[in-house]
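Student: quick one: sequence plus predicted model below, questions after.
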Amino acid sequence: MPSAGPLRSAQPEPAPIQSHALDNLRFIRETMERATAFTAISGWGVVVVGITALFAAALAWRASVVTWLFIWLGEALLSFVIAGSATIRKARVSKMPLLSMPGKRFALSFSPPMIVGALLTAVLFNAGLVSAIPGMWLLLYGTGIVTGGAFSVKVVPVMGLCFMLLGVVTLFSPAAWGNILMTAGFGGLHILFGIIIARRYGG
């Protein structure tokens, strides 16, 4: 009868239990990060952005083309600062890491439409097609909100769809309506959805 010794020695040694535990913990953490929505968006920050947009629209009313453009570009920069500061503050209060997987995906999905919008703004302005800028801004901003909002709470992509719809309407509306429709979007929609986000998901 052959000896069982060689067969036993040929079997691989079991992996340490610590290795299995670490792998399981890593898998659980990554799964939770994928499943967790990015909820650090500040509803009240979005409301403030809408209010500043109303002021920008009032300043831009009947302004020259160049002045109108610089007013709204300044408003875009101010909005970025306000929304970013409010998001950072909410994340700290909620003890939520901004650089979590959902947060990174939100930023990576939101950024490309904004970059495209900046490039097209320069192209349209140089081509003398300023009347197309309001609709393009609303459409691309809404696109960024929809793609980024896929990793956030449900109301965020809904807000993005509203911006996209308004952008389409603006593109096919008379040029004189541009500032009014931008007021309705960057002012009205921000205030409306900011209040909804603040009430449902906190600050």
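Tutor: Nice, thanks for sending it over. Numbers count the residues shown, from 1 in each chain.

Student: pLDDT-wise, which helix or strand of the chain ranks last?
Tutor: Across the helices and strands of the chain, mean confidence by mean pLDDT, DSSP states H and E is lowest for helix 5-10: a mean of 51.

Student: quick one: low-confidence parts of the chain?
Tutor: The chain contains residues with pLDDT under 70 at 1-40, 94-103, 203.

Student: ok so residue 76 is a strand residue?
Tutor: No. Counting by DSSP: H, G, I helix; E, B strand; the rest coil, one finds residue 76 to be helix, located in no strand.

Student: just give me the neighbour total for it.
Tutor: 19 (other C-beta atoms under 10 Å). C-beta: built from backbone N, CA, C; applies to glycine.

Student: give the contact list for residue 162.
Tutor: Neighbour list for residue 162: 142, 185, 189, 193 [criterion: C-beta atoms under 8 Å, 6 or more residues apart in numbering].

Student: and which of the residues you listed is nearest residue 65?
Tutor: residue 185 (19.7 Å; C-beta to C-beta).

Student: okay but the closest one is in contact with residue 135, surely?
Tutor: No. Taking contacts as C-beta atoms under 8 Å, residue 185 lies outside contact range of residue 135: 9.9 Å.

Student: which among the contacts of residue 162 end up buried?
Tutor: 142, 185, 189, 193 (16 or more other C-beta atoms under 10 Å).

Student: can you tell me the helix or strand for the closest residue to the third one other than its chain neighbours?
Tutor: Of all residues not flanking residue 189 in the chain, residue 162 sits nearest, at 5.6 Å (C-beta to C-beta, 6 or more residues apart in numbering). Under DSSP states H and E, the secondary-structure element containing residue 162 is helix 155-171.
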